[in-house]
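Q: below is the sequence, then the predicted model.
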Amino acid sequence: MYTYERLLSDIGELEGVERLVLGITWGGRIIPCVHVGSKRGRQLIVCAAIHAREHITAQLAMRLLGECRKRAGELFGWGIYFIPMANPDGVELCIRGTESVRSAWDRENVLKINGGCPDFSLWKANLVGIDLNVNFDARFGTGVSNVFSPAPENYVGEAPFSEPESRALVDFTKKVRPSAVISYHCKGEMIFWKFHQQANLLRDRILAEALAEVTGYELVDEMGSAGGYKDWCIQHLGIPAFTIEVGSDAFPHPFPYSELDRIFEQNRQVPFALIKNML
């Protein structure tokens, strides 16, 4: 499994890239980011592992980073910010359980939230039981699956951006002002591209179709979700933003890493296809 320590090690070995820190999590971990390509041109953000149990997407993001470094000429002057693990506390909890939690209070709290079960392999939230991908100010609290108390998944939090992880991500996105955003999730082999936009509907549909063509994934409109990172980017920044769900529904969570090579091949062209269709 792709742990936080492995991620930091892999990032540390990279040469010729810019390393950034978006912020600090509840558990005191940094949220790392790596930039490749031009800083002067248009920018793309690729975010992954905002849901803890979907940590396979962190390794996918690192593979895509490597692909973009090798094929820098195909970025046409763009730059890409990779945020491979937006929820490192949650990922570590999924993989290593409560031994990953430094605070005794936090250990007791997450066990309580998880119903006393020591198995956190299906956990999606951050360290305090808030699902980061419903914690954004985009029709906050109106999703059909939202819950309103701490839980392994779907709890929206007390208010938009209540969490240090979601605040760090939104502050960074405002600073970068990207031309587009991709948020990787797992699973279903689907692309979500729509969030109540009107003026840019045709533009975003065309781009989504380009991504569907290179991945083979199904395009899906809104399905009652709200409060997501992709949703906020569309609603508040007016940019094309996509949630890409990798991995076949034939496999249960925790998703097998034996599928990573296939997933990477399906997504290898995604950054290049998006940039090419936005030139």
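A: Ah, there it is.
Q: what about E259, how many neighbours?
A: 18 (other CB atoms under 10 Å). All C-beta atoms are positioned from the backbone trio N, CA, C, and that covers glycine.
Q: so it belongs to a helix, correct?
A: Yes. Assessed with DSSP: H, G, I helix; E, B strand; the rest coil, E259 lies in a helix.
Q: nearest spatial neighbour of it, chain-adjacent residues omitted?
A: Take E259 and drop its neighbours on the chain: the residue closest to it by CB to CB, 6 or more residues apart in numbering is G247, 5.9 Å away.
Q: just give the nearest non-adjacent residue to S166, would you?
A: N135 (4.4 Å).
Q: equivalent analysis for R71, please.
A: For R71, ignoring the flanking residues on the chain, the nearest one in space by CB to CB, 6+ apart is F272 at 6.9 Å.
Q: my guess is K230 contacts F242. True?
A: Yes. Judged on CB atoms under 8 Å, K230 makes contact with F242 at a distance of 6.4 Å.
Q: what segments of the stretch 1-150 of the chain are helices?
A: Listed in chain order, the helices of the stretch 1-150 of the chain (DSSP state H, counting those that start in this stretch) span 4-12, 56-70, 88-96, 104-113.
Q: would you mark the buried spots in the third one?
A: The one in question is helix 88-96. Within helix 88-96, the residues that qualify as buried are P88, D89, G90, V91, E92, L93, C94, I95, counting by 16 or more other CB atoms under 10 Å.
Q: what's near enough to touch the residue nearest to S166?
A: With contacts defined as CB atoms under 8 Å, 6 or more residues apart in numbering, N135 is in contact with V156, G157, P160, F161, S162, E163, S166, G227.
Q: got phi/psi on S183?
A: Dihedral angles of S183 (phi, psi; degrees, to the nearest 10) stand at phi -120, psi 120.
Q: what's the neighbour count on it?
A: Counted with other CB under 10 Å, the neighbours of S183 add up to 26.
Q: who touches stretch 192-211?
A: Outside of stretch 192-211, the residues that reach it under the criterion CB under 8 Å, 6+ apart are 138-139, 180, 191, 217, 219-223, 225, 228, 230-231, 234-235, 238, 240-245, 270, 273-274, 276-278.
Q: neighbour-wise, which one of the contacts of N135 leads?
A: Ranking the contacts of N135 using other CB under 10 Å puts S166 first, with 28 neighbours.
Q: from I113, how far out is it?
A: Plainly put, S166 is 18 Å away from I113 if you go by CB to CB, to the nearest Å.
Q: so what's the gap between stretch 73-88 and the chain middle?
A: Mean-position distance between stretch 73-88 and its chain equals 12 Å (CA atoms, centre = their mean, to the nearest Å).
Q: if we can go back for a sec, in a markdown table, list the buried residues of helix 88-96 along with distance to W105 and pLDDT.
A: Below are those laid out as a markdown table (distance: CB to CB, whole Å; pLDDT from 0 to 100):
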| residue | distance to W105 | pLDDT |
| --- | --- | --- |
| P88 | 19 | 98 |
| D89 | 14 | 98 |
| G90 | 17 | 98 |
| V91 | 20 | 98 |
| E92 | 17 | 98 |
| L93 | 15 | 98 |
| C94 | 20 | 98 |
| I95 | 21 | 98 |
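Q: V220 contacts I191, doesn't it?
A: Yes. At 6.7 Å, V220 and I191 qualify as touching, with contact defined as CB under 8 Å.
Q: more neighbours: which of the two?
A: The neighbour comparison of V220 against I191 (other CB under 10 Å) goes to I191, with 23 against 16.
Q: what's the average pLDDT for the helix or strand where I275 lies?
A: If you go by DSSP states H and E, I275 is part of helix 270-277. The average pLDDT for helix 270-277 rounds to 98.
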